[in-house]
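> I would like the atomic coordinates for the input below:
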Amino acid sequence: MFTCVLTASPNRPVIELPLVEALRNGWGGGDARWLNRGVAAEFDLPAVPDTQAATRLDLDALGIDLNILPRDGRRKKLLLADMDSTMIQQECIDELAAEAGVGDRVAAITARAMNGEIDFDGALRERVGLLAGLDISVIDKVLADRITLMPGGPTLLATMKAGGARAALVSGGFTAFTQAIAARLGFDEHRANTLLTADGKLTGEPGVPILGKQAKVTALEEITAAMGITEAEVIAVGDGANDLGMLTRAGMGVALHAKPAVQAEAGLRVNHGDLTALLYLQGIHVDAFVTPA
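Numbering: from 1, shown residues only. Below is the predicted model of the structure:
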């Protein structure tokens, strides 16, 4: 059995009962259930319909995300999350580059790397090289002035942890940022690259080894082994090509507002909702959401 989940932005609750019922009837589904009226609904299915892809496109134009996933085992025990453009709304290296006066050059490289057009390791080295000589105090300035949390993130973390899950932040960015974001949101651990410094300035070199696509898969393997759980019990979320390894390995891999190349390969996509959509995908009703203190 499968479950079809429809989600929309909490700021634009466009899901209406006639649409849900029409889809359910057309696909021979079970009774529809509201998880949050106007924002999230679901119904069970005996099989994945052949028209899923076309229907997904039609609903996407209406501001609705459609995902179909196995009905059983939806509640996950580990959240494995990317940071840049996933748990936060920015790319940290782009914000540092803006402060260094090379924002456009670095942002262009970032966009190509996240869409899988160029090698991640080489792209990281090139971008970090353009930051050589930047005072390390700029990191705190960027954190304070430029970095904002992705909507729904605090509720996602608080609700999953209240249910006994663990959470790990695994980023191709930098520990100077993941440490702060992990503490702010309540992640149990974080992994990222390091920025080498000397005399209070960035040297223009990243620490090695570089944490890229394979390192995120390694994190998935190591953390699940340490917890004594299977990869099927993991929900992973990310937006870039370097996230695809963990997204395709996790039991529930969600591409959040992702690059086109990532959406093409990821099984689950959230283009309109915020991070609370990951709770609806797990079958959690809005009344069970935990609001962080």
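> burial of A176, as a residue count?
Using other Cβ atoms under 10 Å, A176 is surrounded by 19 other residues. Yep, even glycine has a C-beta here, placed from its N, CA and C like the rest.
> again but with L96, I slipped
Using other Cβ under 10 Å, the number of residues around L96 comes to 28.
> got it, and A144?
Neighbour tally, A144, other Cβ under 10 Å: 9.
> after the helix or strand harbouring it comes which helix or strand?
Assigning secondary structure by DSSP states H and E places A144 in helix 137-145. Next along the chain after helix 137-145, taking DSSP H and E as the criterion, comes helix 153-162.
> next SSE downstream of that next one?
Following the chain from helix 153-162 toward its C-terminal end, the next helix or strand by DSSP H and E is strand 166-174.
> residue with max distance from the center of this structure?
D199 (35.3 Å; Cα atoms, centre = their mean).
> got the phi and psi for it?
Note on D199: backbone dihedrals following degrees, to the nearest 10 are phi 60, psi 40.
> quick one: it and G133, what's the gap?
Distance of D199 to G133, given as Cβ to Cβ, to the nearest Å: 10 Å.
> re earlier: need the contact list for the residue farthest from the centre of the chain.
By Cβ atoms under 8 Å, 6 or more residues apart in numbering, the contact list for D199 is empty.
> check it and give its pLDDT.
We have a pLDDT of 95 for D199.
> distance check, it against P206.
D199 sits 18 Å away from P206, going by Cβ to Cβ.
> one more: V128?
Separation of V128 from P206 (Cβ to Cβ) stands at 5 Å.
> repeat for G238
G238 is 20 Å from P206, where distance means Cβ to Cβ.
> and V128 and P206? Which one has more around it.
Using other Cβ under 10 Å as the criterion, V128 and P206 rank with V128 on top: 25 against 22.
> so which helix or strand takes in that one?
helix 120-129.
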